[in-house]
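> I'll drop the sequence and a predicted model, then ask my questions.
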Amino acid sequence: MADEYKPPALPAPFNNTNPAPELLTQGAEGHLYKTFSLDPSIPAALKVRPSKPYRHPILDRRLTRQRIIQEARCLTKLIREGVSVPAVLALDWEGQGGDEAGWGGAWLMMEWIDGPVVRVVLEQWEAWMKKNASSLDAAQLEQENARVKALLRRIGKTIGGLHKAGVVHGDLTTSNIMLRLPTEDTEAETTPTGVSTQGEVVLIDFGLASQSAQDEDRAVDLYVLERAIGSTHPRSEPFMEELVHGYRESHRGATTTLKRLEDVRMRGRKRSMLG
Amino acid sequence: MIAIGMEGSANKIGIGIMSHPKDGSPPQVLANIRHTYVSPPGEGFLPKDVARHHRTWVVNLVKGALKEARVSVEEVDCICFTQGPGMGAPLQAVAIAARMLSLLWGKALIGVNHCVGHIEMGRLITGATNPVVLYVSGGNTQVIAYSSQRYRIFGETLDIAVGNCLDRFARTLHISNDPFPGYNIEQLAKQGRQLVDLPYVVKGMDVSFSGILAAIDSLAATLGLGGEERAREDAEKASNVEQQTSQNQGSDSDSGSDNKPTRADLCFSLQETVYAMLVEITELLIVGGVGSNERLQEMMGIMARDRGGSVYATDERFCIDNGIMIAQAGMLAYQSGFRTALKDSSCTQRFRTDEVHVKWRED
């Protein structure tokens, strides 16, 4: 029964562009394409939320519409506040691009961010360290760890900026954090691992984001990321401290959020409740 | 090798006997019997009543199962029982019986995690080797996948279980608890036409149902749809169903969505909403009591087809709590050398799926 997967047809006008959009990933919620905006020389990311045939059509439209608008609102607000996230270029929440005026799914076009996601950076770094850590002397080892620590600190700072702007991400994982490749005139760092941690930290995928200034929501954001790093990047986990540090310095409300984070950790529903 | 499984974590007591032939041929179900405590409409089941029910039935059911399986006590290798999670008093009632049998007959005692029991039974029945599991029932809502000798929980409910949400709404509407409330909601939902706006709460891989229950309960109260009166009217109407459906179809064509929602509409909307949430956080295999709902299985099928996967669902005999699943999971643990010492055989209401070391599966 495992038929080859075919993504659903693209809504207009993307079914008729040249070059055609290139499918990058399909998440649970939507499909991400690389396309262009206005001119083929300006790359853009296109997120399509196709309709879900298993859902009741009314419920489906309501959810899709709500979510794409929510995502766009958060992004525009963050851009205004100077947080590094992809800018919104265009969107269609009514799904007018369907065939014969049918519901075609909603879409959101965003600025293209050129660079790797942090998950890949950390994975490469950890793989290299696992293989070669023994060949490094103490100073080099220290230097390598320091680079990752600095990266985590920058991430913490960026998340702090996000929260300060009154938005919570809702799904912070290292797959949703990117490093924008530095422009050519900055000097590339030379490291034994060959894994660069340079670049501006950019947060992406605001599909589950919402506008909230509550410590609880902010703390849960951090807790989700903490758990994600713990399960996917065991070697970097001890450096979580740095991320918290970067976050603490980012804005004034951070201290109360971090206090709340301790409560969230304590009641953490994944905690064993024996006895 | 033969195992007796004893399950009584909620309102059902089930005794199952399972045989794992020594020659390695597929395990066989020798007996699978069950008795359910049904509470009156508008009420849930109370732990003390359920425990009394289990105490009353346990001896009869064990005797009955042995007779049905044509197995003598000497042939039995181990006694498996549900150690948790579940309601305290019913769990204790069955655990005491299991300890007693183990001591009386001199058989090994194996404590089994209820959720792991469902998963292992699902794997056996469907033949799915490494499924992603949506385990939904009156007390549990979890999305589980296996990884290095643990069943890990990837998503779950942040408050009440989906089955609990349905059960409690059934109480609001005074829908019968026989055979189980979810079934009766499903039947009523089939007549529903209008989708009512309800909260839709998915957070990452987690879901929450308590707000939905509060919303639909208050909606039912505002519309005056709750309580015994309306339940009786419904029953009367059901006696001339044909007339009603023709009326429904008649009014359907010329009416918009401005009509006042009916009891059926509420059930329909509740189902559509909570099941869409579940499908959203999952892929594949459904085990547990709510898993026998047809609409949920249908939604799962559509989702899986779009993703090139397939859905396995277990039927009622193995979906609803039973003794066989405890025997199956217990037998696997027994064969891997696991034993529960008498002093460790106390049961617990809180026993997480990922606490069990799954020694019988290789990485």
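Thanks, I have it.

> Geometric centre of chain A: which residue is closest?
Centroid check for chain A by CA atoms, centre = their mean gives A:N176 as the closest residue, at 1.9 Å.

> In this structure that one contacts A:V202, no?
No. Counting by CB atoms under 8 Å, A:N176 stays clear of A:V202, with 9.8 Å between them. In this view, the C-beta of every residue, glycine as well, is placed from N, C-alpha and C.

> give the contact list for B:V112.
Listed by CB atoms under 8 Å, 6 or more residues apart in numbering or on different chains, the contact set of B:V112 reads B:5, B:80-83, B:326, B:329-330, B:333.

> what about B:A215, how many residues close to it?
Around B:A215 there are 16 other residues, counting by other CB atoms under 10 Å in any protein chain shown.

> again, but for the one 10 residues further on
By the criterion of other CB under 10 Å, B:L225 has 22 neighbours.

> and if you look at A:I42?
For A:I42, using other CB under 10 Å, the count is 12.

> which SS class is the residue in the stretch 151-300 of chain B positioned nearest to chain A?
Closest contact between the stretch 151-300 of chain B and chain A, by CB to the nearest CB, is at B:M299 (4.1 Å). Secondary structure, DSSP: H, G, I helix; E, B strand; the rest coil: B:M299 is helix.

> wait, isn't it in contact with B:V279?
Yes. B:M299 is in contact with B:V279 according to CB under 8 Å; the separation is 4.8 Å.

> more crowded one of those two?
Taking neighbours as other CB under 10 Å, B:M299 and B:V279 compare with B:M299 leading, 24 against 21.

> Chain neighbours aside, what residue packs nearest to that one?
A:Y54 (4.1 Å; CB to CB, 6 or more residues apart in numbering or on different chains).

> next one: A:Y223
In space, not counting the residues next to it along the chain, A:Y223 is nearest to A:V264; the distance is 4.7 Å by CB to CB, 6+ apart.

> ok, now B:N130?
Per CB to CB, 6+ apart, closest to B:N130 is B:Y146, 6.0 Å.

> List the neighbours of stretch B:259-276 that are in contact with it.
Contacts of stretch B:259-276 (CB under 8 Å, 6+ apart): A:52, A:54-56, A:59, B:162, B:165-166, B:169, B:173, B:185-186, B:188-196, B:198-200, B:209, B:212, B:216, B:219-220, B:223, B:225, B:230, B:234, B:251, B:293, B:295-296, B:299.

> Drop anything exposed from the residues you listed.
Neighbour-count burial within the contacts of stretch B:259-276 applies to A:52, A:54-56, A:59, B:162, B:165-166, B:169, B:173, B:185-186, B:188-189, B:191-196, B:198, B:200, B:209, B:212, B:216, B:219-220, B:223, B:225, B:230, B:234, B:293, B:296, B:299; the criterion is 16 or more other CB atoms under 10 Å in any protein chain shown.

> pLDDT score for B:G250?
pLDDT for B:G250: 42.

> ditto for the one 3 residues further on
At B:S253, the pLDDT value in this model is 40.

> hmm, back to that, overlap in contacts of B:M299 and B:V279?
In contact with both B:M299 and B:V279: A:54-55, using CB under 8 Å, 6+ apart.

> Helices of the stretch 151-275 of chain A, residue ranges please.
Here the stretch 151-275 of chain A has its helices, by DSSP state H, counting those that start in this stretch, at A:215-232, A:240-250, A:254-267.

> can you put those in JSON lines and add mean neighbour count and mean pLDDT?
As requested, the helices of the stretch 151-275 of chain A are exported to JSON lines (neighbours: other CB atoms under 10 Å in any protein chain shown; pLDDT from 0 to 100):
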{"stretch": "helix A:215-232", "mean neighbour count": "20", "mean pLDDT": "88"}
{"stretch": "helix A:240-250", "mean neighbour count": "19", "mean pLDDT": "93"}
{"stretch": "helix A:254-267", "mean neighbour count": "15", "mean pLDDT": "88"}
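
> Dump these to TSV, plus distance to B:L103.
Converted to TSV, the helices of the stretch 151-275 of chain A look like this (distance: least, CB to CB, whole Å):
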stretch	distance to B:L103
helix A:215-232	43
helix A:240-250	49
helix A:254-267	39
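
> To B:I96, which of the ones you listed lies closest?
Closest to B:I96 of the helices of the stretch 151-275 of chain A is helix A:254-267 (CB to CB; 32.5 Å).

> Also compute the angle for the closest one relative to helix A:215-232, please.
Angle between the axes of helix A:254-267 and helix A:215-232 is 60 degrees (criterion: axes from the mean of the first three to the mean of the last three CA atoms, to 10 degrees).

> what residues does helix A:254-267 touch?
Contacts for helix A:254-267 (CB under 8 Å, 6+ apart): A:160, A:163, A:215-216, A:218-220, A:222-223, A:226, A:244, A:247-248.

> where's that helix relative to the chain centroid, distance-wise?
22 Å (CA atoms, centre = their mean, to the nearest Å).

> B:L109 sits in which helix or strand?
In this assignment (DSSP states H and E), B:L109 forms part of strand B:108-113.

> On the C-terminal side of that strand, identify the next helix or strand.
Counting by DSSP H and E, what follows strand B:108-113 is helix B:114-126.

> ok, which stretches of the stretch 1-150 of chain B are strands?
For the stretch 1-150 of chain B, the strands defined by DSSP state E, counting those that start in this stretch cover B:2-7, B:12-19, B:28-36, B:78-84, B:108-113, B:133-136, B:141-147, B:150-156.

> Identify each buried residue in stretch A:137-152, please.
A:144-145, A:147-149, A:151-152.

> ditto for stretch B:105-117
Using 16+ other CB under 10 Å as the test for burial, stretch B:105-117 gives B:107-117.

> For A:G170, give me its contacts.
A:206-210, A:221, B:203-204.

> Try it again at 6 Å.
A:208-209 (CB atoms under 6 Å, 6 or more residues apart in numbering or on different chains).

> How about B:G227?
So B:G227 contacts nothing (CB under 6 Å, 6+ apart).
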